[in-house]
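**Student:** What shape does this take:
(chains A and B)
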Amino acid sequence: KQEVTQIPAALSVPEGENLVLNCSFTDSAIYNLQWFRQDPGKGLTSLLLIQSSQREQTSGRLNASLDKSSGRSTLYIAASQPGDSATYLCAVPRGGYNKLIFGAGTRLAVHP
Amino acid sequence: GAVVSQHPSRVICKSGTSVKIECRSLDFQATTMFWYRQFPKQSLMLMATSNEGSKATYEQGVEKDKFLINHASLTLSTLTVTSAHPEDSSFYICSAGAGLQTEAFFGQGTRLTVV
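**Tutor:** Numbering: from 1, shown residues only, chains lettered A, B, ... in the order given. Below you'll find the model as predicted:
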């Protein structure tokens, strides 16, 4: 049974720091891995999708890496800003469909 | 990216009544949509898979007679919470993707409060 774990559960940093959020999964037979952002009381915003054949994806200040063999993905946030404050979730699909298994999330607070 | 629209964003209802939540894919056709539930400070848990033109499939522990799902067209799935109770109060959110192994897009979510 696939399980997804995210570390740390919460993070509070001053503005400008470079951040590392970790995600691990127990079954390496995944098609892709997706990172999301969730603001309080809101839906999910897709940040990055990494296919199983890829090692990393970049979007602006965000970079996500994937190491399938070790069951790990990392989300790097460069030069963090207060507007980055949110919960970050990683998820892997069950089978080939978009039926996702989520980690518990990392709650990020970036203070000025 | 693709857009999934969910309505309403918030609803308050009395115990015993039913509430319908709509999920629409605005710029692509989705033969399959998914419904999740999120309790406070917890992550999302899949409730059911909505299949266009056929019955929904439910995750273990989810009552199919309580959470009715209808996927009548390629762009619309509805979740009806029947005979709602306070313990059904939660954040419900739908998702859809344009195909296998593609990016999943999520609606804005619906905050249901049963009083």
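**Student:** from here on, contacts and neighbour counts on C-alpha atoms
**Tutor:** OK.
**Student:** quick one: low-confidence ranges for the chain?
**Tutor:** With no chain named, the answer covers chain A. A:96 (pLDDT under 70).
**Student:** Please refer instead to chain B.
**Tutor:** Ranges of chain B meeting pLDDT under 70: B:1-2, B:98-101.
**Student:** Tell me the buried residues in stretch B:30-48?
**Tutor:** In terms of neighbour count (16 or more other Cα atoms under 10 Å in any protein chain shown), stretch B:30-48 has its buried residues at B:30-38, B:43-48.
**Student:** Which residue, neighbours along the chain excluded, lies closest to the residue of chain B at minimum distance from chain A?
**Tutor:** For chain B, the residue closest to chain A is B:Gln108, as judged by Cα to the nearest Cα, at 4.1 Å. Ranked by Cα to Cα, 6 or more residues apart in numbering or on different chains and with sequence neighbours excluded, the top spatial neighbour of B:Gln108 is A:Gly43, at 4.1 Å.
**Student:** Isn't the one you found up against B:Arg111?
**Tutor:** No. Between A:Gly43 and B:Arg111 there is no contact under Cα atoms under 8 Å: 10.2 Å.
**Student:** contacting residues around the residue nearest to B:Gln108?
**Tutor:** For A:Gly43, the contact set (Cα atoms under 8 Å, 6 or more residues apart in numbering or on different chains) comprises B:Ile93, B:Phe106, B:Gly107, B:Gln108, B:Gly109.
**Student:** so which of these is the most crowded?
**Tutor:** Neighbour tally across these (other Cα atoms under 10 Å in any protein chain shown): the maximum, 30 neighbours, falls on B:Ile93.
**Student:** Who are the contact partners of the residue nearest to the spatial centre of chain B?
**Tutor:** By Cα atoms, centre = their mean, chain B has its centre lying nearest to B:Trp35, at 3.6 Å. The neighbours of B:Trp35, taking Cα under 8 Å, 6+ apart as the test, are B:Leu46, B:Met47, B:Ala48, B:Thr49, B:Ser50, B:Leu79, B:Tyr92, B:Ile93, B:Cys94, B:Ser95.
**Student:** Roughly how far does A:Gly83 sit from chain B?
**Tutor:** According to Cα to the nearest Cα, to the nearest Å, A:Gly83 stands 19 Å off from chain B.
**Student:** And for A:Leu21?
**Tutor:** Distance from A:Leu21 to chain B, by Cα to the nearest Cα: 16 Å.
**Student:** For the one helix or strand that residue maps to, what is the distance to the chain centroid?
**Tutor:** Using DSSP states H and E, the secondary-structure element containing A:Leu21 is strand A:19-25. Relative to its chain's centre, strand A:19-25 lies at 6 Å (Cα atoms, centre = their mean, to the nearest Å).
**Student:** Identify the spatial nearest neighbour of B:Gln29, chain neighbours not counted.
**Tutor:** Using Cα to Cα, 6+ apart, the closest residue to B:Gln29 is B:Leu74 (5.1 Å).
**Student:** Verify the stated contact: the one you found with B:Asp27.
**Tutor:** No. Taking contacts as Cα under 8 Å, B:Leu74 lies outside contact range of B:Asp27: 10.8 Å.
**Student:** Those two: who's more crowded?
**Tutor:** B:Leu74 (17 against 12).
**Student:** Can you report phi and psi for that one?
**Tutor:** phi -70, psi 0 (degrees, to the nearest 10).
**Student:** Can you give me every residue that contacts it?
**Tutor:** B:Gln29, B:Ala30, B:Thr31, B:Glu52.
**Student:** Tell me which two of those sit farthest apart.
**Tutor:** Spatial extent of those (Cα to Cα) is set by the pair B:Gln29 and B:Glu52 at 10.1 Å.
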